[in-house]
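Visitor: Sharing a model that was predicted from the sequence below.
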Amino acid sequence: MKLITLVLCSALLAGALSLPLPAGATLGEKADSVARDRHALSAVRKATTSYSNYTVQEVASDATTVREYLNLEGVVFAVAWQGRLHPDLTTLLGSYASEFQNAMQKQARRHGQRGLSVSSDKVVVETWGHMGSLQGRAYLPALLPEGVSADEIN
């Protein structure tokens, strides 16, 4: 039974990773990736909020709202989302997607676990929620601005 559950969960997550759903900026890239992805996804800019150590740009499509966290150098250090659908993690993670997928394959999935939390040496990805109300975040711990906690990424 555990093997069947593991196979089903892996298949569902693999399918979610391959869906071309709304996304935002790409982790580790400059701010121009925000505008490029927003245009490609027909998303609209909702708000920009500046803090002392970073800026949050929020974009929205019909299905998902994505918040992109940019450090003072204009590099995306985190993304967070909420909506009816999870965004395309391959797009969001960019060059970190394969590291995430490798870390996910090495991690044992617990029966009945609704959320996903995967950490590698360079990237952390967490998802949670239920059908119609899905949330998540991905961030690069090494790029978190000084004084900024992962708890601020939501």
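Guide: Arrived safely.

Visitor: Could I get the buried residue list for stretch 71-80?
Guide: Taking 16 or more other CB atoms under 10 Å as the basis for neighbour counts, the residues of stretch 71-80 that come out buried are 71, 75-80. (C-beta placed from N, C-alpha, C; glycine too.)

Visitor: what's the answer for stretch 138-150, then?
Guide: Using 16+ other CB under 10 Å, the residues of stretch 138-150 that count as buried are 138-140, 143-145, 148.

Visitor: Max pairwise distance over those: which two?
Guide: Across these, no pair lies farther apart than 138 and 145, at 16.2 Å, counting by CB to CB.

Visitor: Need the buried residues of stretch 138-150 in CSV (columns: secondary structure and pLDDT).
Guide: As requested, the buried residues of stretch 138-150 are exported to CSV (DSSP: H, G, I helix; E, B strand; the rest coil; pLDDT from 0 to 100):
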residue, secondary structure, pLDDT
138, strand, 95
139, strand, 96
140, coil, 96
143, helix, 96
144, coil, 96
145, coil, 96
148, coil, 95
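
Visitor: could you dump those residues to JSON lines with distance to residue 43?
Guide: What follows is these, written out as JSON lines (distance: CB to CB, whole Å):
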{"residue": "138", "distance to residue 43": "17"}
{"residue": "139", "distance to residue 43": "20"}
{"residue": "140", "distance to residue 43": "22"}
{"residue": "143", "distance to residue 43": "23"}
{"residue": "144", "distance to residue 43": "25"}
{"residue": "145", "distance to residue 43": "25"}
{"residue": "148", "distance to residue 43": "25"}
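
Visitor: Tell me where the model's unsure across the chain.
Guide: Low-confidence segments of the chain, defined by pLDDT under 70, are located at 1-25, 32-42, 108-114.

Visitor: where exactly do the helices run in this structure?
Guide: Read by DSSP state H, the chain holds these helices, from start to end of the chain: 2-18, 32-40, 89-93, 97-106.

Visitor: Mind giving me the packing neighbours of the third one?
Guide: What that stands for is helix 89-93. helix 2-18, helix 97-106, strand 133-139 (3 or more CB pairs under 8 Å, 6 or more residues apart in numbering; DSSP states H and E).
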